[in-house]
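Novice: sequence and predicted structure are below.
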Amino acid sequence: METTKSGLDIVKLEDAASKLRSIAHPMRIAIISLLEDRPKMNVTEIYEHLKIEQASASHHLNILKNKGVLQSRRDGKNTYYSLKQQSIAQVIECVEKCEGIR
């Protein structure tokens, strides 16, 4: 385990930074906010609600899933997405409050 001079785990810091970069897009923030309110949605529900193209929704969902922000579960022909950890939505809420967005 590699650590900084202050004893912080570099691997954990890199993982956290990677997750933060993955949510640093307005559409991904919108997806996370949507899944905060509705804990389980499929791609169709997400792109129809956000009024975007299916391919765009799938692209953003794939990024969030690959970075460990979302999890998916297949049910027949549908894949349902949900937040892997509720704390990611709290990070976005915190940033919005600091910036006076909400």
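Specialist: Sure, I can see it. Remember, it's a predicted structure, so these values are computed and weren't measured experimentally.

Novice: tell me where this protein has helices.
Specialist: 10-23, 26-37, 43-50, 54-66, 87-99 (DSSP state H).

Novice: out of those helices, which gets nearest to residue 79?
Specialist: helix 43-50 (6.5 Å; CB to CB). Heads up, the C-betas are built off the backbone N, CA and C, glycines and all.

Novice: residues in contact with that closest one?
Specialist: 27, 30-31, 34, 38, 41, 53-54, 56-58, 61, 78-79, 81 (CB atoms under 8 Å, 6 or more residues apart in numbering).

Novice: apply 10 Å and report the result again.
Specialist: Helix 43-50 is contacted by residues 27, 30-31, 34-35, 38, 41-42, 52-58, 60-61, 72, 78-81 when judged by CB atoms under 10 Å, 6 or more residues apart in numbering.

Novice: these, buried ones only, as a PyMOL selection?
Specialist: Listed next is the PyMOL selection for buried residues among these, using 16 or more other CB atoms under 10 Å:
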select buried, resi 30+31+35+41+42+52+57+60+61+80+81
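
Novice: so where's the protein uncertain?
Specialist: Within the chain, the set of residues satisfying pLDDT under 70 comprises 1-6, 100-102.

Novice: mind redoing it with 50?
Specialist: Along the chain, no part satisfies pLDDT under 50.

Novice: burial count for the residue nearest to residue 68 when sequence neighbours are not counted?
Specialist: Nearest residue to residue 68, sequence neighbours excluded (CB to CB, 6 or more residues apart in numbering): residue 84, at 6.0 Å. Residue 84 has 17 neighbours, counted by other CB atoms under 10 Å.

Novice: what of residue 47?
Specialist: When neighbours are counted by other CB under 10 Å, residue 47 registers 20.

Novice: and it, how far from residue 74?
Specialist: For residue 47, the distance to residue 74 equals 18 Å [CB to CB, to the nearest Å].

Novice: now swap in residue 18 and tell me
Specialist: 25 Å.

Novice: between the two, who's got more neighbours?
Specialist: Applying other CB under 10 Å to residue 18 and residue 74 shows that residue 18 carries more neighbours, namely 13 against 8.
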